[in-house]
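**Q** Sharing a sequence plus its predicted fold:
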Amino acid sequence: MSTVFIAFQNTDEVRGIVEAIMDDNPHAVIDMQPGMVKINAAGRLVIKRASIEEKLGRDFDLQEMHVHLVTLSGNIDEDDDEFVLAWKH
Amino acid sequence: MDMPAKKLGLKERYGLLTRDLHWDTTYQPMDKVFPYASYEGIKIHDWSKWEDPFRLTMDAYWKYQAEKERKLYAIMDAFAQNNGHLGVTDARYINTLKLFLTGVSPLEYMAHRGFAHVGRAFPGAGARVACQMQSLDEIRHFQTQIHSMSVYNKHYNGFHDWQHMHDRVWYLSVPKSFFDDAFTAGPFEFMIAIGFAFEYVLTNLLFVPFISGAAYNGDMGAMAFGFSAQSDESRHMTLGLEMIKFILEQDPDNVPIVQRWIDKWFWRGYRVLTLVAMMMDYMLPKRVMSWKEAWEIYAEENGGALFADLARYGIKPPKGWAQACADKDYLSHQAWNVFYNYGAAAPFHTWTPSAQDMDWLAAKYPDSFDKHYRPLWENYTEMAEKGNRFYSKTLPMLCQVCQIPMFFTEPGDPTKICYRESEYKGDKYHTCSDGCKDIFDYEPEKYVQSWLPVHQIYQGNCFERGTDPTAEGFDPLIAVLQWYHMNIGRDNFDFNGIEYGKGSEDKNNFEKWRAMSTGNM
Amino acid sequence: MQIDLRTVSITPLRQTFDNVAKRLGGDKPASRYQEGTWDVQARANYHYRPTWDPAHKMFDESRTAIKMKDWYSFKDPRQFYYGSWTQSRARLQETAEADFDFVEQRGLVANLPATIRKLALELYVPLRHVEWGANMNNASICAYGFGTAVTAPAQFQAMDRLGSAQYLSRVGLLLGSQDDLVAAKEAWLNDAKWQDLRRYVEDSFVVQDWFELYVAQNLVLDGLMYPLLFRRVDDFMTSQAGPVVAMLTRFQAEWFVDSSKWVDATMKTAATESAENKAQLEAWATAYAARAVKALTPLVTHALGDAAAGAIDEAMTQFKARCAKAGVSV
């Protein structure tokens, strides 16, 4: 199955975001690179607002991810609660 | 009193605040309002099927982008105040930035203007807004790059006249003609060229190694603008992907047109990335990964997934894909060799790899480095140390399409230079590869227009006004470099100095300033 | 690595880029606006003609009748580069957000007299389509204009207008519902009082000369519409019903003051360049002003009734004075 990925700048806030993603996606793998953290996952990756809010202890708008994003790969489906990356085949 | 309307969801709200602004004009016909939408032959039946990539309204855009800018400029100010440039590995690194400022930043600007054009030209409101936001982001990238490199320009050579050089210097016609090509194409081709082939398929190969390279080599300034730009890039990649899916879904007749564009623009983009390949393997003092490794991760693996996903529309991987994959063992070495040869004519420094560098290259390229390239570099180094640093004095032949000197080799034979020839209206035109020849042959009327630097020099178009080429002692190379606005002897020649071993001004200044900053001079 | 700053005093080799130094008249420190704007657009050795406009070069001075010796004589008095622009707009956005929240949370809409609420919906919501037209026109100016000094602020202006259109949509959603957006579009398309304005906007979409478009949109239409609808009518509603609606259109009111600085400077630079430019600008401004007045009259009349004629005269007088200051007689 094809791999989707998303990469963030390595910052304090991102730590919480990454933790939340890893909890929600047990099949995902972290790849640390200079200055950034990349998360690879076979097929599909789900990012949940509620999980991030829990980790950060505050309200979080998924669009806030724009501030930290470095790159991603896969088709995106986004609503207020979830941001999903997936390959369709 | 009615109840306040329930809170709208992201998609619904975005639709109301964006696409719903559109109306079909009646006082002026739609095809006059959007005159560039049909001549490429792409058939769009229903723009409302367009999927908006990220649903950012302007209020959210301003809020998040302002936050990014505040952070970025705070880092830039700190970097300048603290002489952050002295924290980079060594002054060789700074040459990657010169290449970037003169070769890549002007393309960011062109992307800005190009997306403004398609952001006006598409009849679909959702697509227009997404393109306009990208146009806006691209001027951001251009300006943050200029501002980040402004501090380097104050202290190092080769940055000082980037725009003048971009329009003139021989190898800069490679990136320039690439973007001019996209900009002058129709709006749909522009989207496939830049939005899809470049942003989606290839941009990770440009930015991720460059930024990680900056991080790895202690350049906080470049790392900051790079990462900050990348955060917009995800939006751009998604626009490219949504655009291609949309076009393909609209009409089966679009598939062959799009396939041809994918073939063309993959190859065009891949050729431009030659500059990145040599930067990664030769110009970064501390290397993140080899070009070959980056190619395997970001092109082969990720591109493979992408094209598997697009197969359902009948789209095949680009025609030149297999050759690009096969060339990964040779590309960077061949390119750096050419720049080393023409080190007198480029406004950045070149050098031979050290023994330690060569061991790294041999380990990363077990099938090619020791066999083909180590002997070359050892020979160059020996010549230089004997006071005979090699500079090529004849001008190279350029490919009519990608405009890179003809140094690429035949598929399967890294010792034989690849030449292809086409005829158009009685004239012969030369290309560097099957990929470039195909592009030429499909649209010769476009590529015969190319402003080829070497041809132009020979035609006498690259001297300052008033230059007399018949004067005694006339040196054409010097005259061309003056026309480039090069500071001869400061911007160019070997990193180790015109007189080999004495050091270039950049090298010497960096060492002196660093010693001041770490000792008690 | 630890750098002890106090011991490092490095003399820079140069203060700025060569092209910037040339414009500053010497190697002096330059602003971010200057370094990020001057001479940025490619000027020489374009490789190919646009397939979408083979009669012109990629960037071509002849796409307008206005002639300039140096297209970088234009200056944005706000000195906007992307960073300063986006931060300035983020401040407007923060204020607008607070205003919308305040009106919503305090339930201020419920206390608004029905006539005023109806008028605000009828007038401000269809205007979102005019703003959308202004977005398209400024995208055109950015795309086909010449020289970053004009094209970059045009891009910012284009996005400002999209933002404005979105805020006006939110006015509709806050004062009414989605149905009011539908009704507003219906009015925009079919209600007689909007048709001259819609014709003005649609005609502007096919104007080929980008500087003429600049005059038609940024100088004339905005220069009459904003003072009339976002100040005069706003004042009227405030006098009738307090400042609730004015809070919701504060973005537009403040934005117009800001944008006018740029428009005035652009006109003045072009008009002072030559008598030919001045004559051309005057011809455009005069012709478009007559059309704009005709297009706005039914809307102002709808809002102000008998007071409309006086309000329009006054707006026209102010507009002429503003143009005169920029060297353009209308």
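**A** Okay, I see it. Numbers count the residues shown, from 1 in each chain, chains lettered A, B, ... in the order given.
**Q** who touches the one residue in the stretch 101-250 of chain B that gets nearest to chain A in this structure?
**A** Nearest to chain A in the stretch 101-250 of chain B, going by CB to the nearest CB, is B:A215, at a distance of 3.8 Å. (Glycine included, C-beta is placed from N, CA and C.) Counting by CB atoms under 8 Å, 6 or more residues apart in numbering or on different chains, B:A215 makes contact with A:34-36, B:223.
**Q** can I assume B:D506 is in contact with B:L97?
**A** No - judged on CB atoms under 8 Å, B:D506 makes no contact with B:L97 at a distance of 11.2 Å.
**Q** higher neighbour count, those two?
**A** Neighbour tally, B:D506 and B:L97, criterion other CB atoms under 10 Å in any protein chain shown: the higher count belongs to B:L97, 28 against 23.
**Q** and the contacts of B:A215, which are buried?
**A** Listed as buried from those are A:35-36, B:223; burial here means 16 or more other CB atoms under 10 Å in any protein chain shown.
**Q** Turn those residues into JSON lines, including secondary structure and distance to chain C.
**A** Output for the buried ones among the contacts of B:A215, formatted as JSON lines (DSSP: H, G, I helix; E, B strand; the rest coil; distance: CB to the nearest CB, whole Å):
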{"residue": "A:G35", "secondary structure": "coil", "distance to chain C": "17"}
{"residue": "A:M36", "secondary structure": "strand", "distance to chain C": "22"}
{"residue": "B:M223", "secondary structure": "helix", "distance to chain C": "15"}
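**Q** Of all pairs in the contacts of B:A215, which one is the farthest apart?
**A** The most widely separated members of the contacts of B:A215 are A:M36 and B:M223, with 9.6 Å between them, by CB to CB.
**Q** Say whether chain C is contacted by the helix or strand hosting B:L107.
**A** B:L107 belongs to helix B:105-121 when elements are defined using DSSP states H and E. Yes - against chain C, helix B:105-121 shows contacts by CB under 8 Å from any CB of the partner chain at B:106, B:109-110, B:112-113, B:116-117, B:119-121.
**Q** Can you pull out the low-pLDDT segments for chain A?
**A** Scanning chain A for pLDDT under 70 picks out A:89.
**Q** All the strands of it, residue numbers only.
**A** Using DSSP state E, the strands found in chain A span residues A:3-9, A:29-33, A:36-42, A:44-48, A:69-73, A:75-78, A:82-86.
**Q** Tabulate those strands in JSON lines, adding columns for distance to C:A324.
**A** Output for the strands of chain A, formatted as JSON lines (distance: least, CB to CB, whole Å):
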{"stretch": "strand A:3-9", "distance to C:A324": "52"}
{"stretch": "strand A:29-33", "distance to C:A324": "61"}
{"stretch": "strand A:36-42", "distance to C:A324": "56"}
{"stretch": "strand A:44-48", "distance to C:A324": "57"}
{"stretch": "strand A:69-73", "distance to C:A324": "50"}
{"stretch": "strand A:75-78", "distance to C:A324": "51"}
{"stretch": "strand A:82-86", "distance to C:A324": "54"}
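**Q** Just the element for B:G466, please.
**A** With DSSP H and E as criterion, B:G466 is part of no helix or strand.
**Q** The helix or strand following the helix holding B:L107 near chain A at all?
**A** Where DSSP H and E defines the elements, the next helix or strand beyond helix B:105-121 is helix B:125-155. No - judged by CB under 8 Å from any CB, helix B:125-155 stays clear of chain A, getting no closer than 10.7 Å.
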